[in-house]
Every structure is written in C-alpha cells, then in structure tokens.
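Q: Below is the sequence, then the predicted model.
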Amino acid sequence: MSQPGERVWHKHYESGVSTNFQPEMTTWTEMMSRAFDAYADTVLIEYYGKSYTFAEMRRLAGQVASALKAKGVGKGDRVALHLPNCPWHPIFFFGTIAAGAAVTHISPLDADREIAHKLKDSGAKVAVTLTTPELASHFKPLLASGETPLLVQCPDPVSAMGRDCPVFDGAVGVQEFLAGHEDALYDPVPVTPQDMALLQYTGGTTGVPKAAVLTHANLTAAVQIYSENTKNDSSAEPGKSSLVYSPLFHIMGLTVGLLKRVHEGWTIHLRLRYDAAQAVKEIEEKRITSFGGVPTTWIAILQLPDIEKRDLSSLEYVGSGGAPLPVEVYNRIKKLTGLKLLGGWGMTETSPAGTAVPRDMPDEKLGTIGVPLPGIDLKIVDVEDPTKDLGPNMTGEMVVKGPNVTAEYWGKPKETADSFSNGWFLTGDIGYMDEDGYFYLVDRKKDMILSGGFNVYPLMIENAVHQHPDVSEAIAIGVPDDYRGESAKVFVQLNNGAKPFALEELQEFLKDKLGRHEIPRHLEFRDELPHTPVGKPDRKALRRELETVA
C-alpha cells in the first residue's frame with residue numbers, strides 16, 4: 001500500500017522523463033531570446049492571414065521595449081495589457097519583459113470597476129488596449145477622472161469588423177507610441193529569475209481580485225516542466241502547429257498556448273474568438289497538429305452536423321482543461337479523432353503547471369486529472385488540519401509544492417500567509433489520490449454543499465447528470481433547504497432537439513450513480529448556461545442570480 005508522501009506516480013512517466021526534475025533557474029528574457037535566435041525564420045504567429053516570424057517578433061518587441069523605456073518604464077514597473085487574442089498581445093508581452101518590467105493582465109471582459117481596481121492595485125505605468133469601442137470605452141471614465149496611466153491604443157481590423165475606430169482624446173495610438181523607435185535594436189534589460197514577470201489576477205476570498213506574483217523563475221519553470229513531460233513525444237517537436245483560441249490573458253493560454261510554443265519553436269495560429277465550425281475548417285485546411293480548449297470547446301464540435309465525416313487526421317494531440325471533462329465527451333472525441341483527449345489540473349498560482357494525464361492512461365482511470373508533472377509535488381491533507389497528510393482514496397484538500405508555485409499575493413500578506421502550510425500551497429481544491437498515484441478532483445472547497453450534515457460536491461452531481469443522453473451540460477449549486485440546510489439544484493442545457501424531462505425522471509436516472517444525500521432536489525432547464533470568460537461553468541453567476549431573486 002502506498003503511504004502519504006510517497007511519489008507512486010513516477011512509474012507512469014514515459015521513459016526518459018526525469019523523476020527528479022529540476023528546471024534551469026533562468027528568466028523568460030533569456031528563454032525567449034534563445035528562441036528568437038534558434039527559430040528566426042519560422043512563423044511564430046499567424047493571425048487571420050497575417051504572419052510574424054520569430055525574427056519579426058524580436059524586432060517588434062525591441063521597438064516596444066525602447067518606447068517603454070523612453071516613457072520611464074523599467075525594472076520593477078508594471079504594464080497592463082487589456083487585450084484579447086491578437087498579435088498585439090505577444091508583441092507587448094515580449095516588449096514589456098524586454099524592458100525589464102512585468103505584465104499585468106486585465107481581462108477584456110472585466111467591468112469598469114474591476115479594471116479600475118486592477119490598474120490602481122498593480123500600479124501599472126502604462127495600459128494597452130485596442131481602439132475598438134467594446135474595449136476602449138472602459139477607459140473613458142478613467143481618463144476623465146485622471147485615474148488611468150498612459151493609455152496606448154492599438155488597431156485590430158479583425159476586432160473592428162470594418163468600423164472606423166479612431167484613438168480617442170487622452171490616449172496615444174500605437175504608431176505614435178512607437179514613433180522614433182523603429183530602428184531600435186532588441187536589447188533586453190537584464191533581470192534575475194527572482195524578479196517579477198507577471199501579476200496575474202485571480203478571485204479573492206473577499207470577492208476582491210488578488211494578484212499572484214509570478215516570477216521569471218516561476219514561468220520558466222512551468223514551461224520547462226511541461227516540456228520535460230513531453231520530451232520524448234513526437235507531437236511536441238519543433239515545427240509543429242497549434243490552433244489557439246484560449247485567451248492569452250489567462251494563465252493557461254499564456255503559458256501553454258504562447259510561452260511553451262515559443263520555447264519549442266512552434267507556429268501559433270492565433271484566433272480572436274471561438275467558433276466550432278471555423279475551428280474544424282482551420283484544422284482541416286492548415287493541417288493543425290495540436291488543438292485544445294475547455295470542455296465546452298469540444299461539446300460544441302461534437303454538436304456540429306456530420307462531424308464524423310470531417311478530416312481531423314492531422315491532429316497529433318488534443319487536450320482539455322479549465323474544467324472537469326465529462327466521460328461521455330472524452331469517449332466521443334476519442335472515437336472522432338482516434339486520440340485520447342488529454343488534460344490535467346493547474347491554477348493561476350502554479351503558473352499553471354500541476355498535473356497531466358499520461359498518454360497510456362488505462363480507461364478505468366477515466367475522470368482523473370492525471371499525475372503530478374515532473375518537478376512538482378502534490379498530496380492530500382485534512383481539510384480542517386492541513387498538517388495532517390491523508391492516505392490513498394481519502395478525500396481532502398490538494399496541496400502543491402514546486403518551483404512554478406507563486407510565493408505571494410501582491411500586497412496581501414495575510415492572504416499569502418493563509419494560503420501556505422509548512423511550505424505547501426493550499427489550493428482550495430478537494431480531491432483524492434488512488435493507490436496508483438492518479439489524482440481526482442472532487443470539487444472546489446468553496447463550492448461544497450452542506451446537506452443534512454453531509455458534504456456534497458457539485459462536480460460529482462454534474463458528472464452524473466451529464467451521463468443522461470439528453471443532457472449537453474449541467475451546473476449544480478446549493479440552495480437553501482429548511483430541512484437539510486442546503487440541497488442541490490441542477491441547471492441543465494439540453495442537446496439539440498431534446499425535450500425537457502421531469503425532476504423525478506432525473507432522480508430515477510441518478511439513483512445508482514449518486515448517494516441519496518447527493519440526489520438533486522431541484523431542476524431547471526436553460527437554453528444556455530453561464531460561463532466564466534475562459535469557458536468554465538459559472539456557478540457563482542447562478543448563485544448571484546438566485547440571491548437577487550430572493
């Protein structure tokens with residue numbers, strides 16, 4: 001029997017993958033500079049027909065760095081990127097790093113209040129957005145009040161969709177910003193691995209977003225950890241291509257969709273917004289070798305007419321992350337592509353490397369989040385006492401340790417202290433490890449439903465409901481119950497053409513899949529279920545909605 005602390009998962013690593021992996025202590029500045037030199041003539045970014053080689057990206061990053069330095073931006077400063085997926089994101093990300101500064105991501109879907117908070121909290125000296133009104137309009141009240149830093153606006157014809165989107169008063173157009181720096185050489189400011197590279201915001205326990213401080217060492221460790229895991233995999237060799245819809249302002253899109261691909265010399269086909277039919281067409285026409293997304297990405301593809309007749313044979317890797325993958329979706333994608341839909345677990349605070357599903361995972365392990373990646377330690381501890389390790393198949397809180405894990409939240413010493421126990425980061429995720437070293441995510445600690453004295457996990461309910469043949473997607477939350485304290489309510493989005501069914505029918509369907517205390521007591525059908533900006537099921541939105549009604 002395996003014991004707490006024993007790394008039984010090492011036996012699942014592919015031959016040649018280190019069981020004692022220690023990434024090089026380096027900087028993203030150094031790592032991207034190596035890639036710019038090694039793959040100079042390779043196309044790095046292709047965006048709706050416009051291509052940028054590694055050499056061109058180096059030149060543009062040098063211009064941005066020079067312009068930022070001319071505005072007084074340097075080592076220790078922050079530059080806020082309020083950008084969707086478009087070439088300006090990598091251009092300004094690499095340029096900011098080359099200037100010695102750190103990037104702060106602001107989601108294009110953030111409300112005015114959130115944008116104002118992140119700009120003030122981060123102390124960003126420069127903010128970068130597009131000229132399109134959907135994004136730029138958020139900054140008008142901030143400019144009027146004098147609460148915004150220097151604002152740079154960039155044109156994007158794809159976002160503009162034929163509209164004239166001029167730079168507005170108080171902002172600076174990117175052409176003006178870069179004027180006089182066209183001939184600037186790529187000459188990055190020296191930084192150390194311990195210097196901050198990224199302030200990445202995540203949800204706060206008080207509802208106020210907090211930023212994880214991710215150093216150069218954190219980001220480069222994560223990239224190397226992912227690469228070590230696939231070092232003998234032909235699908236990860238230089239010269240491959242990926243179709244990227246995952247937002248680069250999100251940690252998974254950034255690290256896996258951009259930084260890892262730069263490090264490995266790939267071509268990234270970057271796209272602004274997800275469209276399942278267009279994605280399949282791009283895979284066919286461009287012979288894409290790697291494609292990933294969240295579960296809803298794959299659900300939308302499976303719902304396309306005659307999808308089984310499409311040519312997806314160029315794919316060598318398919319992945320899913322960001323939210324648990326229903327087993328039925330996994331099975332259908334495997335049949336469609338001939339590939340196992342691999343995934344894993346991670347979070348902003350881990351940059352986001354955590355676990356990955358091995359390629360040789362047996363089917364009886366379906367539903368697993370995989371095993372810890374090389375160089376990362378993961379264990380299960382008691383929810384109430386994180387100093388107490390739990391053994392195999394015992395459910396508790398997942399805690400993680402590794403060179404990719406943040407050491408602090410920006411300006412929040414109490415939240416930082418509360419997030420660590422004996423050097424282990426408390427993830428807030430509930431899960432367990434089986435005898436073979438495979439980990440399973442049960443749910444988020446904060447989403448747990450307390451029903452009649454029992455802990456009920458929404459994810460378990462959602463996975464069971466998803467097995468119903470008429471269900472496309474399900475979200476479960478806790479609602480007040482006079483008798484039990486809380487009971488489960490499930491919101492269901494049906495497959496195309498399916499008809500609603502009674503709660504009693506669903507309960508009958510679930511009785512051999514869930515415990516009596518887990519059976520939903522309420523059912524509601526929706527044409528569409530809410531999702532977060534990165535495609536995760538949004539339980540919080542449904543809870544807020546019910547609170548408003550109450």
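A: Yes, it's here. Everything numeric here is computed off the predicted structure, so don't read it as measured data.
Q: Now do stretch 401-409: everything it contacts.
A: By Cβ atoms under 8 Å, 6 or more residues apart in numbering, the surrounding residues in contact with stretch 401-409 are 22-23, 210-215, 217-219, 221-222, 225, 348-351, 353, 375-378, 415-416, 419, 423-425. C-beta here means a position set from N, CA and C on the backbone, and glycine is covered the same way.
Q: Which of those residues fall in helices?
A: Counting by DSSP state H, the contacts of stretch 401-409 place 217-219, 221-222, 225, 415-416 in helices.
Q: what ranges do the helices span in the stretch 301-450 of the chain?
A: Assigned by DSSP state H, counting those that start in this stretch, the stretch 301-450 of the chain shows helices spanning 327-337, 413-418.
Q: quick one: average confidence on the shortest one?
A: The predicted model gives helix 413-418 an average pLDDT of 95.
Q: Would you map out the domains in the chain?
A: 8-16+212-444, 28-191, 450-549 (automatic domain parsing).
Q: Could you export the ones you listed as JSON lines, including mean neighbour count and distance to Ala197?
A: As requested, the domains of the chain are exported to JSON lines (neighbours: other Cβ atoms under 10 Å; distance: least, Cβ to Cβ, whole Å):
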{"stretch": "domain 8-16+212-444", "mean neighbour count": "19", "distance to Ala197": "5"}
{"stretch": "domain 28-191", "mean neighbour count": "19", "distance to Ala197": "5"}
{"stretch": "domain 450-549", "mean neighbour count": "16", "distance to Ala197": "20"}
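Q: And the ones you listed: which comes nearest Leu199?
A: domain 28-191 (4.4 Å; Cβ to Cβ).
Q: secondary structure element for the most centrally placed residue in the chain?
A: With distances taken as Cα atoms, centre = their mean, Met252 lies nearest the centre of the chain, 3.2 Å away. Per DSSP states H and E, Met252 falls inside helix 251-252.
Q: Run through who's touching that helix.
A: 200, 246, 321-322, 346-348, 351-352, 534.
Q: now stretch 489-497
A: 303, 461-462, 465, 469-479, 500, 506, 520-529, 542.
Q: CA atoms only: put the longest helix anywhere in the chain into CSV for me.
A: For the chain, the longest helix by residue count, based on DSSP H, is helix 54-70. The C-alpha trace of helix 54-70 is given here as CSV (Å, rounded to 0.1, in the frame of the first residue of the first chain):
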residue,chain,number,x,y,z
PHE,A,54,10.3,34.8,-34.6
ALA,A,55,12.7,37.4,-36.1
GLU,A,56,9.9,39.8,-36.7
MET,A,57,8.5,39.3,-33.2
ARG,A,58,12.0,40.1,-31.8
ARG,A,59,12.2,43.3,-33.8
LEU,A,60,8.7,44.4,-32.7
ALA,A,61,9.5,43.5,-29.1
GLY,A,62,12.6,45.6,-29.3
GLN,A,63,10.6,48.6,-30.5
VAL,A,64,8.1,48.3,-27.7
ALA,A,65,10.8,47.9,-25.1
SER,A,66,12.6,51.0,-26.4
ALA,A,67,9.4,53.0,-26.4
LEU,A,68,8.5,51.9,-22.9
LYS,A,69,12.0,52.8,-21.6
ALA,A,70,11.6,56.2,-23.2
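Q: Going toward the C-terminus from it, what's the next helix or strand?
A: Note on helix 54-70: by DSSP H and E, the next helix or strand toward the C-terminus is strand 78-81.
Q: so what does the lowest-mean-pLDDT helix or strand in the chain touch, helix or strand wise?
A: Averaged element by element with mean pLDDT, DSSP states H and E, the chain has its least confident helix or strand at strand 454-456 (a mean of 75). When contacts are defined as 3 or more Cβ pairs under 8 Å, 6 or more residues apart in numbering; DSSP states H and E, strand 454-456 sits against strand 449-451.
Q: What pairs with the strand it packs on, parallel or antiparallel?
A: strand 454-456 (antiparallel) (DSSP bridges).
Q: which residues touch the partner strand?
A: For strand 454-456, using Cβ under 8 Å, 6+ apart, the contacting residues are 448-450, 478, 486, 488, 515, 517-518.
Q: need the residues you listed in JSON lines with distance to Pro190 and pLDDT, can you?
A: Converted to JSON lines, these look like this (distance: Cβ to Cβ, whole Å; pLDDT from 0 to 100):
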{"residue": "Met448", "distance to Pro190": "47", "pLDDT": "79"}
{"residue": "Ile449", "distance to Pro190": "51", "pLDDT": "86"}
{"residue": "Leu450", "distance to Pro190": "53", "pLDDT": "75"}
{"residue": "Gly478", "distance to Pro190": "52", "pLDDT": "92"}
{"residue": "Glu486", "distance to Pro190": "55", "pLDDT": "85"}
{"residue": "Ala488", "distance to Pro190": "55", "pLDDT": "94"}
{"residue": "Gly515", "distance to Pro190": "58", "pLDDT": "79"}
{"residue": "His517", "distance to Pro190": "59", "pLDDT": "83"}
{"residue": "Glu518", "distance to Pro190": "56", "pLDDT": "89"}
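Q: would you turn those into TSV with distance to Thr132?
A: Shown next, in TSV, are the contacts of strand 454-456 (distance: Cβ to Cβ, whole Å):
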residue	distance to Thr132
Met448	40
Ile449	41
Leu450	45
Gly478	39
Glu486	43
Ala488	41
Gly515	50
His517	49
Glu518	45
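Q: now, among these, which is nearest to Leu178?
A: Met448 (50.3 Å).
Q: Contact partners for that closest one?
A: Here Met448 is in contact with 430, 455-458 (criterion: Cβ under 8 Å, 6+ apart).
Q: closest to Trp88 among those residues?
A: Using Cβ to Cβ, those come closest to Trp88 at Pro458, 37.7 Å.
Q: and the closest residue to the closest one other than its chain neighbours, how far is that from Glu285?
A: In space, and not counting its chain neighbours, Pro458 is closest to Ala476: 3.9 Å by Cβ to Cβ, 6 or more residues apart in numbering. Using Cβ to Cβ, to the nearest Å, we find Ala476 at a distance of 39 Å from Glu285.
Q: which two of the ones in helices among the contacts of stretch 401-409 lie the greatest distance from each other?
A: Across these (Cβ to Cβ), the longest gap, 25.2 Å, separates Ile225 and Glu415.
Q: Could you list which residues are in contact with the nearest residue to Ser320 once chain neighbours are set aside?
A: Spatial nearest neighbour of Ser320, excluding adjacent residues (Cβ to Cβ, 6+ apart): Gly343 at 4.5 Å. When contacts are counted by Cβ under 8 Å, 6+ apart, Gly343 touches 319-321, 325, 356-357, 369-370.
Q: mind listing the helices for the stretch 451-550 of the chain?
A: 458-465, 503-510, 539-549.
Q: Nearest to Thr29, out of those?
A: Per Cβ to Cβ, nearest to Thr29 of the helices of the stretch 451-550 of the chain: helix 539-549, 36.8 Å.
Q: any idea of the angle the closest one forms with helix 458-465?
A: Between helix 539-549 and helix 458-465, the angle comes out at 100 degrees (axes from the mean of the first three to the mean of the last three Cα atoms, to 10 degrees).
Q: quick one: contacts of helix 539-549?
A: Under Cβ under 8 Å, 6+ apart, the answer for helix 539-549 is 447, 458, 475-477, 479, 491, 530.
Q: Check the residues you listed and tell me the two furthest apart.
A: Counting by Cβ to Cβ, the most remote pair of the contacts of helix 539-549 is Val479 and Pro530, 16.1 Å apart.
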